[in-house]
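Visitor: Got a sequence here, can you build the structure:
(one chain, ligands or ions: 2)
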Amino acid sequence: MPQPHLRTVVVLAAGEGKRMKSALPKVLHPLLGRTLLGHVLTAAAPLAADRTVVVVGHGAEQVRAHLSEIAPDATPVLQAQQLGTGHAVRIALEAVPEASGTVVVINGDVPLLRAETVAALVAAHEGEGAAATVLAAEVPDPTGLGRIVRDAAGRLEQIVEERDATPAQRALREINAGIYAFDVARLRDALGKLSTDNDQGEEYLTDVFGLLGSAGEPVAVHVAADHTETLGCNDRVELAGLRKLLRDRVNAAWMRTGVSILDPDTTWIDVTATVERDAVIDQNTQLRGSTVVGAEAVVGPDVTLIDTVVGAAATVLRSHAVGAEVGPGASVGPYAYLRPAARLAEKAKVGTFVEVKNSEVGAGAKVPHLSYVGDATIGAKANIGAATIFVNYDGVDKHRTTVGEAAFVGCDTSLIAPVEVGAGAYVAAGSAITQDVPPGALAVTRAPQRNIQGWVARRRAGTASAAAAERAQRAAEGASGAAAAASEGEPIHEGTETVGGPSRTGDTATE
Ligand code: UD1
Ligand code: MG
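Guide: Ligands and ions are numbered 1, 2, ... in the order given. All right, here's what the predicted structure looks like:
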């Protein structure tokens, strides 16, 4: 004998959402971190229902697959033909014959609904012992919605669809939000009596209110304090409108917890992301999925973080990150791309035009410019010069590179994996490293430099280069013999900010 249910939630999600003009069923469209259906189920979750039934129809397989991911305990029930909201609820209740107590019915396309509002509706309904209670709202534009029709004493008389309404009823601005609480026994009874005598020839769930009311059963209206919660969405223009409303709601909530959002109009934070106190979110920033931004971190402008964790006091500027971890005090960007499993330890730096994938960058280590770091482990305080490439792919397999603590890799180096650069080792700029470098060693793989004197005058005569070289030569001849002698054979330094490295051989690295 199954236990009787005290609360059942029914979500109506069988409609196609024709006006979305989409291959995706309407309820699966995304809205700041969840699908429309995901938002509705989240709002209903605190009711702790014994059973949750989701009526599926259009795109049933897609909706079922999504449900098994986000709400595996929910029961999908197929409504093969969409014969109306009343028909949908009737089918849903057939799947839970043992249900007793309260049934909460929610249209699948009202994603801004708050959990507190559903809870208040149910509390009012159960408190009053009503047979049926509808969530209503006063809206500025009621076009297309069902109207709440009250009698002279203000009691609910019926809910009338716009297409079936008289001109006087159409002028009403109090609408049916599509969210209801019912006593299940009386609901079943009334659903059995629904007619299809309306403009659409459908079984309207809303007709239950008129039926119960005229049979003397207590029917009630619960008015939502914030009408924006009740907004549905029928096309992508309306969906974009809901997205802005939700963005503002989310941003306001974070600002009230102590987060600075410098430009709330261009900051988009998924409902699933988290931001800690005193973090600063600068403009044009998106925090998506399971992203967490730590206390006092500065993120933005122009940053997208997806499923990424940013530690306390880190900075991320004009960058894109997916599935990455940025340690406390670390610095990223401008123009960095962190891919899945990029892990930056405390105070690490990943700078401009640097891509990092499946790699650890150790504490205080730096990859400041123009590099690709793939499948690598970089030790603490190592310095990776500009244009270093971790060559991880041989066309078939990926291989790892390890760079030891405080190692120094000169600019324009290829580290051809699998390979290891030992702790404290140096790699000369312009090297292609294919063999392990022992700790403390200097590895150089360049061909020695050859200067062919007078080549430009002979082979490029008449060019601007030849003229410039001739002028320089004359000036040098005019100068003191000692200075002219000293300038011969001087190595050519390629970098601008040169530091460290054996400068006798012209090795440079940037910091
Ligand atoms: C419905 C209400 C209307 C209310 C509005 C609020 C009815 C008759 N009208 O109108 O009073 O103001 O919602 O948004 O209920 N669905 C099914 N199976 C069906 C028909 C619909 O699952 O056979 C689902 C849809 O997918 C949708 C929800 O029920 O999620 C509402 O259906 P929809 O066609 O959007 O009803 P509205 O015309 O908006
Ligand atoms: Mg609708």
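Visitor: And for the residue nearest to residue 410 when sequence neighbours are not counted, the neighbour number?
Guide: In space, residue 410 comes closest to residue 429 once its chain neighbours are excluded; the distance is 3.2 Å by C-beta to C-beta, 6 or more residues apart in numbering. All C-beta atoms are positioned from the backbone trio N, CA, C, and that covers glycine. Look at residue 429: counted by other C-beta atoms under 10 Å, it has 26 neighbours.
Visitor: How about residue 196?
Guide: Applying other C-beta under 10 Å, we find 14 residues neighbouring residue 196.
Visitor: Let's verify it: helix, strand, or coil?
Guide: coil (DSSP: H, G, I helix; E, B strand; the rest coil).
Visitor: correct me, but it touches residue 203?
Guide: Yes. Counting by C-beta atoms under 8 Å, residue 196 touches residue 203, with 5.8 Å between them.
Visitor: what's the overlap in contacts for the two?
Guide: Counting by C-beta atoms under 8 Å, 6 or more residues apart in numbering, the residues touching both residue 196 and residue 203 are 83, 84.
Visitor: related to what we said a few turns ago, what does the pLDDT read for the residue nearest to residue 410?
Guide: Looking at residue 429, its pLDDT is 98.
Visitor: With residue 500 instead?
Guide: Predicted confidence (pLDDT) at residue 500: the value is 38.
Visitor: ditto for residue 252
Guide: pLDDT, residue 252: 98.
Visitor: Quick check: it is in a helix.
Guide: Yes. With three-state DSSP as the criterion, residue 252 is part of a helix.
Visitor: Skip the chain neighbours and tell me the closest residue to it.
Guide: residue 264 (7.6 Å).
Visitor: What number of residues are in the vicinity of the one you found?
Guide: Residue neighbour count, defined by other C-beta under 10 Å, stands at 17 for residue 264.
Visitor: Just the closest residue of the stretch 251-400 of the chain to ligand 1, please.
Guide: For the stretch 251-400 of the chain and ligand 1, the shortest gap (C-beta to the nearest ligand atom) falls at residue 271, measuring 19.9 Å.
Visitor: Could you count how many residues lie near that residue?
Guide: So residue 271, with other C-beta under 10 Å, has 16 neighbours.
Visitor: What of residue 255?
Guide: Neighbours around residue 255, by other C-beta under 10 Å: 15.
Visitor: In contact with it: list those residues for me.
Guide: Taking C-beta under 8 Å, 6+ apart, we find residue 255 in contact with 261, 264.
Visitor: next helix or strand past the helix or strand containing it?
Guide: For residue 255, the enclosing helix or strand under DSSP states H and E is helix 236-256. Next helix or strand after helix 236-256 toward the C-terminus (DSSP H and E): strand 260-261.
Visitor: counting contacts, what elements does that following strand pack onto?
Guide: helix 236-256, strand 280-281 (3 or more C-beta pairs under 8 Å, 6 or more residues apart in numbering; DSSP states H and E).
Visitor: and the shortest one, what's its mean pLDDT?
Guide: Looking back up the chat, that one is strand 280-281. Computed over strand 280-281, the average pLDDT equals 99.
Visitor: now stretch 301-321
Guide: On average, stretch 301-321 scores 99.
Visitor: Give the buried residues for the helix holding residue 255.
Guide: Within helix 236-256, the residues scored as buried using 16 or more other C-beta atoms under 10 Å are 239, 242, 243, 246, 247, 249, 250, 251, 254.
Visitor: What is the neighbour count of residue 358?
Guide: Using other C-beta under 10 Å, residue 358 is surrounded by 17 other residues.
Visitor: Local confidence estimate at it?
Guide: Residue 358 is given a pLDDT of 98.
Visitor: hang on, isn't it packed against residue 377?
Guide: No. Between residue 358 and residue 377 there is no contact under C-beta under 8 Å: 10.1 Å.
Visitor: coming back round to it: pretty sure the residue nearest to residue 252 contacts residue 249?
Guide: No. Assessed by C-beta under 8 Å, residue 264 is found out of contact with residue 249, at 10.6 Å.
Visitor: what about stretch 199-216, distance to the chain center?
Guide: 42 Å (C-alpha atoms, centre = their mean, to the nearest Å).
Visitor: ok, residues contacting it?
Guide: Stretch 199-216 is touched from outside by 83-90, 105, 131-132, 134, 146, 155-161, 163-164, 176, 180, 182, 186-187, 190-191, 193-196, 198, 219, with contacts defined as C-beta under 8 Å, 6+ apart.
Visitor: What segments of the stretch 101-250 of the chain are strands?
Guide: 132-138, 147-150, 156-160, 174-183, 219-223 (DSSP state E, counting those that start in this stretch).
Visitor: Minimum distance to residue 235: which of the ones you listed has it?
Guide: strand 174-183 (16.7 Å; C-beta to C-beta).
Visitor: What mean pLDDT does the closest one get?
Guide: Rounded mean pLDDT across strand 174-183 is 98.
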